[in-house]
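Visitor: I need the structure of the sequence given here:
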Amino acid sequence: MNTTESASLFNHLETLSTRELLEGINSVDQTVPQVVAKALPQIEALVEATVTRLGAGGRLFYIGAGTSGRLGVLDASECPPTFGVPHGLVVGLIAGGDTAIRKAVENAEDDAEQAWRDLTAHDITAKDIVVGIAASGRTPYVIGGLEQARQHGLATGCVVCNADSPVAAVAEFPVEVVTGPEFVTGSTRLKAGTAQKLVLNMLTTATFIRLGRVKGNKMVDMQLSNAKLVDRGEKMLMDELGIGQAEAAELLQRHGSVRAALAAKR
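Guide: As a prediction, the model looks like this:
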């Protein structure tokens with residue numbers, strides 16, 4: 001059943017006060033972590049598959065449309081600065097291309113052939129894994145991409161928000177977070193989008209921890225791309241090594257990363 005399109009449990013929204021609207025949105029949002037928790041076994045299987053592929057030299061590709069596609073692009077773009085991995089190790093592809101990140105591209109999600117064309121433009125190989133993101137679970141762009149990926153021997157996963165969907169049926173490692181009706185009927189950028197973001201957070205964070213990109217609880221490979229992150233790096237060294245700020249700053253400048261600085265002192 002396509003519950004993401006079911007009627008909202010709330011009605012006459014235009015008659016509610018601002019506080020009532022906010023309380024209503026907040027009340028339905030509180031159900032999201034619960035449905036994500038139910039999907040932990042599926043998420044675990046997808047993480048293990050992703051660790052295996054990336055550990056063997058493969059890459060992670062996200063494919064999606066609309067909000068789902070934008071969330072994939074967002075998660076992919078945050079991996080290099082957070083974990084110090086190369087750009088291109090995690091790639092987010094959205095129906096309609098990069099233009100669709102900011103402005104909807106009409107009918108782009110209805111082209112079942114385009115996702116595979118987008119993937120092949122990145123010289124995709126059987127080492128890689130493709131994860132489709134689709135709240136409805138029936139986006140042709142995602143279904144077609146996953147079908148082609150499987151036919152070419154790639155590992156496939158998905159993150160959907162309806163049970164027993166066509167997208168999940170063609171994915172080897174499906175994740176189904178069944179979020180139910182939205183506060184505004186059918187507006188899956190709300191609960192469904194929040195659930196998808198939580199799953200993607202788990203997927204890449206757990207994957208890169210497993211691949212050694214975190215030490216203790218610290219992002220030792222993060223890119224020192226601004227003053228805030230340099231300050232964070234210095235504090236990591238101060239905490240780990242029991243040194244002052246001046247020495248930490250000198251170490252970080254000399255070695256270029258928290259990991260390298262720690263290795264040089266031990």
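Visitor: surely T50 is in contact with L200?
Guide: No: with contacts counted by CB atoms under 8 Å, T50 stays clear of L200, the gap being 11.2 Å. Glycine gets a C-beta too; all of them are placed from N, C-alpha and C.
Visitor: top helix in the protein by residue count?
Guide: If you go by DSSP state H, the chain has its longest helix at helix 191-210.
Visitor: what packs against it?
Guide: Packing partners of helix 191-210 (3 or more CB pairs under 8 Å, 6 or more residues apart in numbering; DSSP states H and E): helix 18-29, helix 32-38, helix 40-55, strand 60-64, helix 66-83, strand 129-134, strand 155-160.
Visitor: of all these, which one is nearest V214?
Guide: Among the helices and strands packed on helix 191-210, the nearest to V214 by CB to CB is helix 66-83 (7.6 Å).
Visitor: ok, and what's touching the next helix or strand after that closest one?
Guide: Going down the chain from helix 66-83, the next helix or strand is strand 90-94, by DSSP states H and E. For strand 90-94, the surrounding residues in contact (CB atoms under 8 Å, 6 or more residues apart in numbering) are 59-65, 69-70, 72-77, 79, 100-101, 115, 118-119, 122, 204.
Visitor: give me the buried subset of those.
Guide: 59-65, 69-70, 72-73, 75-76, 79, 100, 115, 118-119, 204 (16 or more other CB atoms under 10 Å).
Visitor: let me see the contact set for S225.
Guide: Applying CB under 8 Å, 6+ apart, the residues near S225 are P81.
Visitor: for it, give me the pLDDT.
Guide: Per-residue pLDDT puts S225 at 87.
Visitor: ok, and the closest non-adjacent residue to V28?
Guide: Nearest residue to V28, sequence neighbours excluded (CB to CB, 6 or more residues apart in numbering): F183, at 5.2 Å.
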